[in-house]
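> generate coordinates for the sequence data below:
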Amino acid sequence: MNHAYFLKVTIEMARENIENGGGPFAAIVVNGNGEIVGIGKNSVTKNNDPTAHAEVQAIRDACQNLGTFQLADCILYSSCEPCPMCLGAIYWARPKEVYFAADQKDAANAGFDDAFIYEEITKDHGARAIRFNRVDIPDRTLPFEEWEHTYIKINY
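Predicted coordinates:
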């Protein structure tokens, strides 16, 4: 695989995305044959969707195109190091590798600083900037109990 080539593709897509009202991020998913099977461009502000990051969009597109929810034979290329949300999505999608161009420091210098999220993750629920409150109610585990006993599930 020509990693530099695919990263240049993401950089050019990110530049074009700015011209179309999106953010300065883009990502692609490439299968084992070197074919682009998923494309994603940041459209957070364009679509008023805080989850519309390039990596998430590329993963969604690739999964739809390939008819699967895991990308085990694929490589994800991103114009920038993935943020914490995208990192989670990448681990759920399970590509074999990720390549990125700019890093989180480059993004922070441009006003996209995710350091506070990494810090928040390590805090106790009640100490986070947005409080997380677990309520101990009866039947809170009922969906998981039913999941364990169903025969129509697909494990992931």
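
> helix, strand or coil: sort out the residue sitting furthest away from the middle of the chain for me.
Distance from the C-alpha centroid of the chain, by Cα atoms, centre = their mean, peaks at residue 138 (33.6 Å). Secondary structure state of residue 138, per DSSP: H, G, I helix; E, B strand; the rest coil, is coil.

> got the CA positions of the strand or helix carrying residue 8 in CSV?
With secondary structure defined by DSSP states H and E, residue 8 is part of helix 3-19. Listed in CSV are the C-alpha atoms of helix 3-19, where the atom choice follows Å, rounded to 0.1, in the frame of the first residue of the first chain:
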residue,chain,number,x,y,z
HIS,A,3,0.3,5.1,2.5
ALA,A,4,1.6,8.6,1.5
TYR,A,5,-0.6,8.5,-1.5
PHE,A,6,-3.8,7.7,0.5
LEU,A,7,-2.9,10.4,3.1
LYS,A,8,-2.5,12.9,0.3
VAL,A,9,-6.0,11.9,-0.9
THR,A,10,-7.4,12.7,2.6
ILE,A,11,-5.5,16.0,2.8
GLU,A,12,-7.0,17.1,-0.6
MET,A,13,-10.5,16.0,0.5
ALA,A,14,-10.1,18.0,3.7
ARG,A,15,-9.1,21.1,1.8
GLU,A,16,-12.1,20.7,-0.6
ASN,A,17,-14.3,20.1,2.4
ILE,A,18,-13.5,23.6,3.8
GLU,A,19,-14.6,25.1,0.5
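
> ranges for the strands of this structure?
26-30, 36-41, 75-80, 97-102 (DSSP state E).

> make TSV from the ones you listed and add mean pLDDT, mean neighbour count and distance to residue 66 to it.
In this view, the C-beta of every residue, glycine as well, is placed from N, C-alpha and C. Listed next are the strands of the chain as TSV, based on pLDDT from 0 to 100; neighbours: other Cβ atoms under 10 Å; distance: least, Cβ to Cβ, whole Å:
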stretch	mean pLDDT	mean neighbour count	distance to residue 66
strand 26-30	98	28	9
strand 36-41	98	22	6
strand 75-80	98	26	13
strand 97-102	98	16	17
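
> of all the ones you listed, which one is nearest residue 113?
strand 75-80 (12.3 Å; Cβ to Cβ).

> check the offset of the closest one from the chain's centre.
Relative to its chain's centre, strand 75-80 lies at 10 Å (Cα atoms, centre = their mean, to the nearest Å).
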